[in-house]
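*Asks:* Using only what follows, build the 3D model:
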Amino acid sequence: MIDLTEEQRWELDQSEPARVRDPKTNETYVLVRADVYERLKELLYDDSPWTDEEMDMLAAEVDAMLDDDMAIEDPMA
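*Replies:* Numbers count the residues shown, from 1 in each chain. Now for the predicted structure:
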């Protein structure tokens with residue numbers, strides 16, 4: 001973690017969310033408060049156990065992929 005300078009703190013107060021640029025890479029980043037980041041992370045990332053429906057969908061997808069692989073003829077045969 002880094003501490004903000006007074007100039008950086010002033011910039012953060014001017015806009016929400018604040019955008020910063022890395023002068024070496026020219027990449028732009030968006031700074032948000034930690035509590036906002038945690039809420040966004042919860043919305044975007046689900047690490048809960050898979051539901052039965054999700055497991056069934058995954059099994060069907062794997063079956064379809066295996067069926068496609070079996071349908072391709074072996075060129076060495």
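
*Asks:* any weak-confidence spans in the chain?
*Replies:* Within the chain, the segments meeting pLDDT under 70 span 15, 69-77.

*Asks:* which helices and strands sit right next to the top helix by length along it?
*Replies:* For the chain, the helix with the greatest residue count under DSSP state H is helix 52-71. For helix 52-71, there is no helix or strand it packs on, judged by 3 or more Cβ pairs under 8 Å, 6 or more residues apart in numbering; DSSP states H and E. Every C-beta, even on glycine, is put in place using the N, C-alpha and C of the backbone.

*Asks:* can you list the residues that contact that helix?
*Replies:* Under the criterion Cβ atoms under 8 Å, 6 or more residues apart in numbering, residues Trp50 lie in contact with helix 52-71.

*Asks:* the helices in this structure, which residues?
*Replies:* Applying DSSP H to the chain gives helices spanning 6-14, 34-44, 52-71.

*Asks:* Select, out of the ones you listed, the one closest to Asn26.
*Replies:* Among these, the nearest to Asn26 by Cβ to Cβ is helix 6-14 (18.3 Å).

*Asks:* The helices of the chain into CSV, with extra columns for distance to Pro23 and mean neighbour count?
*Replies:* Output for these, formatted as CSV (distance: least, Cβ to Cβ, whole Å; neighbours: other Cβ atoms under 10 Å):
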stretch, distance to Pro23, mean neighbour count
helix 6-14, 14, 11
helix 34-44, 24, 10
helix 52-71, 44, 10
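
*Asks:* Alright, I will stop here.
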